[in-house]
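Undergrad: quick check, what structure comes out for this input:
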Amino acid sequence: MRNILVVDDDRDLGETLSDLLRREKYQVFWAGNGRTALEILKKESIQLVLLDLLLPGMDGIDVLKALNREDPSLVVIMMSGHGSIQTAVQATHLGAYDWIEKPLEKERLLITLRNAEEKCRLIREKKILINDIKSRYNMVGSSPAMRNICHLIDKVASQPISVLITGESGTGKEMVANAIHLNSPRVEQPLVRVNCAAVPETLIESELFGHRKGSFTGAVEHKMGKFQQAHKGTLFLDEIGDLSASAQAKILRALDSGEIETVGGQGTHRVDVRVITATNRDLMSMVRQGQFREDLYHRINIMEIPVPPLRERPEDVIDLALHFIQQVCEEQNIPLKSLSPSAEAVLLAFGWPGNVRQLRNWVEKAVVLVDAPVINGHHAAGLLEFPDIMKEVHQAKNLKDAKRSFEKGYILHALMRNEWNIAQTSRDLKLPRSSLYEKMREYGIGNHSGKPDILKK
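TA: Numbers count the residues shown, from 1 in each chain. Next comes the predicted model:
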């Protein structure tokens, strides 16, 4: 049933409208004044409102403002036999969907309502899409570093300032960019992504600013650039440290002037774009070496959000793994799986050189390849091919480090062989349990808090 609220102090007209709309399968609510309309809105799920201009107490314009404050997604159609063009324009600027003059014509009214319903449907679908995107790109983790990132996102999201996101590959820099956009006033406008490292130097200007047909060999049609695609929205320039000096100069000019020049075109185009950049490189070091423009660096780095590697925030590993498991199971239509304590211990002990991206890839493999409902320690270690003792030993800088690497790997192998049973592992290693716990704390094996509560006793 489609719910519609009719707000008109003419009871006879209200009853006539109600009868007509009920025949069209609407659930009709009637209010004779603005205050009653607002009370109904708080109690009922209303999508459409037919609102008269002349009402006792609050007039239609005041009611329209109040309705928008209460629920900005409402679709409101104004009605009046005394309105002027100026009033109609004012109502439209305040968010009214349309304006119908009295006496009402049945066909005009029904066509307007059908069009309004289509707008309601699009609004609902957009809300669902935005909420789905937000759920996919929400920030997961409880570490101090993650809490600091969320705090910075809250600070910068509502402001149109440039943000530079720094961190190793795979740490989740794009997730941070998405979170900023999704919590900004530009959320309903596009977020356009460009991987600067993936675009050849000869094509980067065309990619960013567009080109006219015939402007260079291969330009067989007009192309709109990413800056224009992101107009009124957000442009995310990933790996900005890989841009050539020429591309850096053109981006700086676009950011400073708010204007772009299409390749092969004449004149400039105004663009309103919020720019977020990211890099896994040390831009300040590149500035000192003359590899990155200092003026561009300061232009994009109004606020920096550093994203630390996963190995520096072990508190987030299990939260992220469980989040990805739920996500992947839903995507693959697979019954939800869980992690055993021994699997959690393996994940916590692993160094994650590929960061969050590597963890997500591991989850995808585990969910698909492990038939059991619970992913255990053997599954986890096998899919990670972990630990590679000799690799750690060979990379050691001295004999002391090599011994530590070997001892860590030897203990890990023993723990996995015994299903992370501490008592059995202690007997196999001929090592007192207290000493085994101490070694695990020293090497960061198992629970990083030092408490072996997730391991079998």
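Undergrad: assign G141 to helix, strand or coil.
TA: Three-state call for G141 (DSSP: H, G, I helix; E, B strand; the rest coil): coil.
Undergrad: please apply the same query to the one 5 residues further on.
TA: State at M146, reduced to three classes by three-state DSSP: helix.
Undergrad: quick one: it from A37, how far?
TA: 45 Å (Cβ to Cβ, to the nearest Å). Just so you know, the C-beta spots here come from the backbone N, C-alpha and C atoms, and that holds for glycine as well.
Undergrad: higher neighbour count, these two?
TA: Between M146 and A37, counting by other Cβ atoms under 10 Å, A37 is the more crowded of the two (25 against 20).
Undergrad: what helix or strand is that one on?
TA: helix 34-43 (DSSP states H and E).
Undergrad: ok, and what's touching that helix?
TA: 5, 7, 29, 31, 46, 49, 51, 55, 57-60, 62-63, 66-67, 70-71, 74 (Cβ atoms under 8 Å, 6 or more residues apart in numbering).
Undergrad: which entries within the residues you listed meet the buried criterion?
TA: 5, 7, 29, 31, 46, 49, 51, 55, 58, 60, 63, 67, 74 (16 or more other Cβ atoms under 10 Å).
Undergrad: out of these, which is nearest to D242?
TA: L74 (46.8 Å; Cβ to Cβ).
Undergrad: ok, that closest one touching K65?
TA: No - L74 is not in contact with K65 according to Cβ atoms under 8 Å; the separation is 11.9 Å.
Undergrad: hey, what's in contact with both of these two?
TA: With Cβ under 8 Å, 6+ apart, L74 and K65 have no common neighbours.
Undergrad: dump the buried ones among the contacts of helix 34-43 to a markdown table, plus distance to M175 and pLDDT.
TA: Converted to a markdown table, the buried ones among the contacts of helix 34-43 look like this (distance: Cβ to Cβ, whole Å; pLDDT from 0 to 100):
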| residue | distance to M175 | pLDDT |
| --- | --- | --- |
| L5 | 41 | 91 |
| V7 | 44 | 91 |
| F29 | 43 | 92 |
| A31 | 45 | 90 |
| I46 | 36 | 88 |
| V49 | 39 | 92 |
| L51 | 42 | 90 |
| L55 | 48 | 87 |
| M58 | 45 | 85 |
| G60 | 45 | 86 |
| V63 | 42 | 89 |
| L67 | 36 | 87 |
| L74 | 33 | 86 |
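Undergrad: now, those that are in helices?
TA: Using DSSP state H, the members of the buried ones among the contacts of helix 34-43 that fall in helices are 60, 63, 67.
Undergrad: want to throw the residues you listed into TSV with distance to G218?
TA: Formatted as TSV, these follow (distance: Cβ to Cβ, whole Å):
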residue	distance to G218
G60	57
V63	58
L67	53
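Undergrad: any idea how far A254 lies from V176?
TA: Going from A254 to V176 by Cβ to Cβ gives 23 Å.
Undergrad: typed the wrong thing, it's D19
TA: For D19 relative to V176 (Cβ to Cβ), the value is 55 Å.
Undergrad: please say which of these two ends up with more neighbours.
TA: Comparing D19 with V176 by other Cβ under 10 Å, the one with more neighbours is V176, at 25 against 10.
Undergrad: residue contacts, the more buried one?
TA: Counted by Cβ under 8 Å, 6+ apart, V176 has contacts 139, 149, 153, 165, 278, 305, 307.
Undergrad: let's see which of these end up in helices.
TA: Going by DSSP H, the helices hold 149, 153 from the contacts of V176.
Undergrad: out of the contacts of V176, what pair is the most spread apart?
TA: Spatially, the most separated pair among the contacts of V176 is M139 and A278, at 15.3 Å (Cβ to Cβ).
Undergrad: neighbour count for those two, which is higher?
TA: Regarding M139 and A278, a neighbour count based on other Cβ under 10 Å identifies A278 as having more, with 26 against 15.
Undergrad: hmm, back to that, any idea how far the helix holding A37 is from the chain center?
TA: Remark: helix 34-43 is offset 35 Å from the chain centroid, using Cα atoms, centre = their mean, to the nearest Å.
Undergrad: and it, what's its mean pLDDT?
TA: For helix 34-43, mean pLDDT is 89.
Undergrad: could you do stretch 183-196 as well?
TA: 91.
Undergrad: quick one: end-to-end length of that stretch, please.
TA: From its first residue to its last, stretch 183-196 covers 24 Å (Cα to Cα, to the nearest Å).
Undergrad: in that stretch, what counts as buried?
TA: 184, 186, 189-194, 196.
Undergrad: one more: stretch 16-30?
TA: Buried, per 16+ other Cβ under 10 Å, within stretch 16-30: 17-18, 21, 26, 28-30.
Undergrad: centre of the chain to it, how far?
TA: With Cα atoms, centre = their mean, you get 41 Å for stretch 16-30.
Undergrad: what's the answer for stretch 11-26, then?
TA: Mean C-alpha position of stretch 11-26 versus that of the full chain (Cα atoms, centre = their mean) differs by 44 Å.
Undergrad: which other residues reach that stretch?
TA: 1-4, 6, 8, 28, 30, 32, 50, 104, 106, 109-110, 113.
Undergrad: in space, what's closest to R281 - neighbours in sequence excluded?
TA: G241 (3.7 Å; Cβ to Cβ, 6 or more residues apart in numbering).
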